[in-house]
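Q: Compute the structure for the input listed below.
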Amino acid sequence: MHEALCRPSGTTLDTCMPRDGPPITQRTSGLGRPIPELSLAKEARLCYIGLGLMENRSGLIVDARLTRVSCHAERPAALDMMEPWTHRSRAITLGADKGYDAADFVEELRTINVRPHVAQNESGRRSAIDKRTTRHPSYALSQRIRKRIEEAFGWIKTVAGLRQTKLRGLAKVDWAFTFATAAYNLVRAPKLIASAP
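A: Now for the predicted structure:
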């Protein structure tokens, strides 16, 4: 679940069914003022984005966050999720997709002792990831392994039912997302235990 769907905040939908036509939908604000008509066939909007921090060896999700969708909501949340892991003597790595290839984000990771194994975004611009990162074999390995997080998000969307959530409000959807990631880890744990040497 990289995203969840919701209606505009602070509105309710009142639907009535006339005898001679399709349903009429009237939105009202929290103050009871009518808002212009909204079609039932109108597309849903993205409101929340779920982020997960996966441990590479086991594939378990060690941290999960849900934020409101904005242009750059993912980067501060990723830095916040990395904070508990940065007080180690050895540097750790963070694999991420092209959306995280920004100079300020990469530099911030380096200052907190995290190696940015971020996919290079070279579509018409210069990538913030240079040869000092890409020359290591561990970079290629991180790029392969980072795609495993999609397995978890696929499970969360289909099996846990968060493709389109029925809950409203950041706190409730965050709870459901965190619960779903914990359930994914519990489903994955027996397979890990069985394959342990």
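
Q: Mark out where each domain of the protein begins and ends.
A: 4-46+153-195, 70-150 (automatic domain parsing).

Q: can I get those in CSV with mean neighbour count and distance to Asn56?
A: For the C-beta atoms, the positions are set from N, CA and C on the backbone; glycine is no exception. Formatted as CSV, these follow (neighbours: other C-beta atoms under 10 Å; distance: least, C-beta to C-beta, whole Å):
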stretch, mean neighbour count, distance to Asn56
domain 4-46+153-195, 13, 13
domain 70-150, 15, 5
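
Q: would you list every one of the helices in the chain?
A: Here the chain has its helices, by DSSP state H, at 74-82, 103-111, 131-134, 137-145, 149-158, 170-195.

Q: Can you add mean pLDDT and distance to His117 and give those back as a markdown table?
A: Supplementary listing: the helices of the chain in a markdown table, determined by pLDDT from 0 to 100; distance: least, C-beta to C-beta, whole Å:
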| stretch | mean pLDDT | distance to His117 |
| --- | --- | --- |
| helix 74-82 | 88 | 12 |
| helix 103-111 | 89 | 10 |
| helix 131-134 | 80 | 7 |
| helix 137-145 | 85 | 4 |
| helix 149-158 | 91 | 13 |
| helix 170-195 | 92 | 22 |
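
Q: In a markdown table: those, plus distance to Thr67.
A: Shown next, in a markdown table, are the helices of the chain (distance: least, C-beta to C-beta, whole Å):
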| stretch | distance to Thr67 |
| --- | --- |
| helix 74-82 | 5 |
| helix 103-111 | 15 |
| helix 131-134 | 26 |
| helix 137-145 | 24 |
| helix 149-158 | 15 |
| helix 170-195 | 8 |
